[in-house]
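Student: Predicted coordinates and the sequence they were generated for:
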Amino acid sequence: MMSREEAYLKMLESTAAIQWNIAMILEAKAVEAEKVKQWTHHHIHPRAFDTHEDQLKESLSIHDAIVELVEGLTKLENGLCSNLKAMLDTGEEESGGDAFGSLTEGGFSFGEDEK
């Protein structure tokens, strides 16, 4: 049977793995964004559109896609943050300690003194 500390450690390891994967996604998105930027600089100019309205509509659609991506990543990160807060909530707030303090002040043993 897994102890509470072992379960917490596994949850933290899983969260770290998720964060690493998010970092890889963001790195790929940065490369993609650079390509989009170059394409946009060459194609979204007044000569490419019949009217200013058409140019504005195209620019806004690109902007909307970027905002949607950022909103999605923000929701994902907020969910991960909520999970970590719930996991680290040890009920020590009443005594003046915080959840991170319990990690550094021996609140979790991580198996060192369980021999």
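Tutor: Done, it's in. Residues are numbered from 1 along each chain as shown.
Student: which residues does Ala16 contact?
Tutor: By Cβ atoms under 8 Å, 6 or more residues apart in numbering, the contact set of Ala16 is empty. C-beta here means a position set from N, CA and C on the backbone, and glycine is covered the same way.
Student: host element of it?
Tutor: Per DSSP states H and E, Ala16 falls inside helix 4-43.
Student: likewise Asp50?
Tutor: With DSSP H and E as the test, Asp50 turns up in no helix or strand.
Student: Tally up the residues packed near it, please.
Tutor: Asp50: 7 surrounding residues under other Cβ atoms under 10 Å.
Student: residues near Glu68, how many?
Tutor: 10.
Student: now the angle from the helix or strand harbouring it to helix 4-43?
Tutor: Glu68 belongs to helix 52-88 when assigned by DSSP H and E. Per axes from the mean of the first three to the mean of the last three Cα atoms, to 10 degrees, the angle that helix 52-88 makes with helix 4-43 is 170 degrees.
Student: circling back to that earlier point, for the helix holding Ala16, which positions count as buried?
Tutor: Neighbour-count burial for helix 4-43 flags Tyr8 (criterion: 16 or more other Cβ atoms under 10 Å).
Student: mean confidence score for stretch 41-54?
Tutor: Averaged across stretch 41-54, the pLDDT comes to 85.
Student: What lies in contact with it?
Tutor: Contacts of stretch 41-54 (Cβ under 8 Å, 6+ apart): Gln55, Glu58, Ser59, Ile62.
Student: Let me know the closest of those to Gln38.
Tutor: Within the contacts of stretch 41-54, proximity to Gln38 (Cβ to Cβ) peaks at Ile62, which comes in at 12.9 Å.
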